[in-house]
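*Asks:* give me a 3D structure for the following:
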Amino acid sequence: MTAAGLAPVSLKPLKPLRGTRVLSLALNLPGPAALMRLKAMGATCIKAEPPGKGGGSGDPMGQYNPPAYATLHEGIKVIRIDLKTEKGQAALHRQLARTDLLITSFRPSALRKLGLGWQALHRLYPALSVVAIVGAPGSRAEEPGHDLTYLAEAGLVTGLDLPATLFADMGGALMACEAALQAVLVQKSTGKGCFQEVALSRAADWLALPRNWGLTQSTGAVGGAHAGYRVYPCRGGRVAVAALEPHFSAALCAAAGVQIDGPMDLFKPTTHQAIAKFFASRTRPQLNLLAVSQDVPLHTLPA
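*Replies:* Sure, this is the predicted structure:
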């Protein structure tokens, strides 16, 4: 029971796409990641893959990372269709006749060769919507590229180390889900399908906005200029501290014994040095206790 004497409310997951049938031809990561989220929103999701060697998956993800593939496709019906054959084309169109939303990740020229360009599909299936995941938008959709090249173009590859995750792919998957929801709303209000292009390069550009604005540059508050928002070495590891707001900064400085007269003191080199010295003298367990007792947002990490 809560303090007011009422039992806590148990929130059930929303299923806004219940009754929506989604067919995906998209391989690798962005398409399957979008399909996984659409299924979580209640959609009936089917994935069509080319036949793989020895009866295995025709999706490269199923070959180079089976655990990831299994997670992405949990609860999703996977069918094998060879789109280069008449039999495969017939099987695809049987599926399309019952589909509300099609997700693709081919180049536009490849879709046209398969008879799956938007104009052809819209003529055959007026209520069908298409979300086309491409690398770059418009006339650049034929260019080769991948997550790394789109991040590099957006200014998010700043050294020789690879990015920590596939930001453009996963961001593109979220944008594909957004496009899918928009398509469902349009279809319900007009009775007609629509076409939407989702470019991974635009997903990278969207994620790069804080950097472009200067927020995550070295002179920005969340780029290292603010002493309360950094990663410091500590005894036995590292500590990521995010004491950005004035009350969190004040709590951090009080715990570290650092005197400040105002928020702007957090940008001074002397404050950086004093807080770095404090963290260097504390172990991870000590800092974990500090986070709880002093209400300081931090997370310790191994070295």
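*Asks:* show me how far the helix or strand of the chain with the lowest mean pLDDT is from its chain's centre.
*Replies:* None of the helices or strands of the chain scores lower by mean pLDDT, DSSP states H and E than helix 60-64, at a mean of 92. Centroid displacement of helix 60-64 relative to its chain, using C-alpha atoms, centre = their mean, to the nearest Å, is 19 Å.
*Asks:* now the element after it, going C-ward?
*Replies:* helix 66-72 (DSSP states H and E).
*Asks:* mind listing what's buried along that next one?
*Replies:* Buried residues in helix 66-72, counted by 16 or more other C-beta atoms under 10 Å: Tyr69, Leu72. (C-beta placed from N, C-alpha, C; glycine too.)
*Asks:* for it, which outside residues touch it?
*Replies:* Leu29, Pro32, Ala33, Leu35, Met36, Ser57, Asp59, Met61, Gly62 (C-beta atoms under 8 Å, 6 or more residues apart in numbering).
*Asks:* again, but for stretch 73-86
*Replies:* 25, 32, 35-36, 39, 45-52, 57-58, 88-89, 91-92, 95, 114.
*Asks:* pLDDT of it, averaged?
*Replies:* The pLDDT scores in stretch 73-86 average 95.
*Asks:* can you give me the end-to-end span of that stretch?
*Replies:* 27 Å (C-alpha to C-alpha, to the nearest Å).
*Asks:* one more: stretch 43-62?
*Replies:* 23 Å.
*Asks:* hang on, the earlier thing: which one of the contacts of helix 66-72 is nearest to Glu143?
*Replies:* Leu29 (18.5 Å; C-beta to C-beta).
*Asks:* name the nearest residue to that closest one, ignoring sequence neighbours.
*Replies:* Asp169 (4.5 Å; C-beta to C-beta, 6 or more residues apart in numbering).
*Asks:* ok, now which ones touch that neighbour?
*Replies:* Asn28, Leu29, Pro30, Ala33, Asp147, Leu200, Ala203.
*Asks:* in this structure Arg238 contacts Tyr232, no?
*Replies:* Yes: assessed by C-beta atoms under 8 Å, Arg238 is found in contact with Tyr232 at 6.8 Å.
*Asks:* out of the contacts of Asp169, grab the one that's most surrounded.
*Replies:* Leu200 (31 neighbours; other C-beta atoms under 10 Å).
*Asks:* quick one, what contacts it?
*Replies:* Neighbour list for Leu200: Pro30, Ile133, Val134, Gly135, Ala136, Gly145, Asp147, Tyr150, Ala168, Asp169, Gly171, Gly172 [criterion: C-beta under 8 Å, 6+ apart].
*Asks:* and it, its phi and psi?
*Replies:* phi -60, psi -30 (degrees, to the nearest 10).
*Asks:* the helix or strand that contains Leu121: which residues count as buried?
*Replies:* If you go by DSSP H and E, Leu121 is part of helix 118-124. Buried residues in helix 118-124, counted by 16+ other C-beta under 10 Å: Trp118, Leu121, His122.
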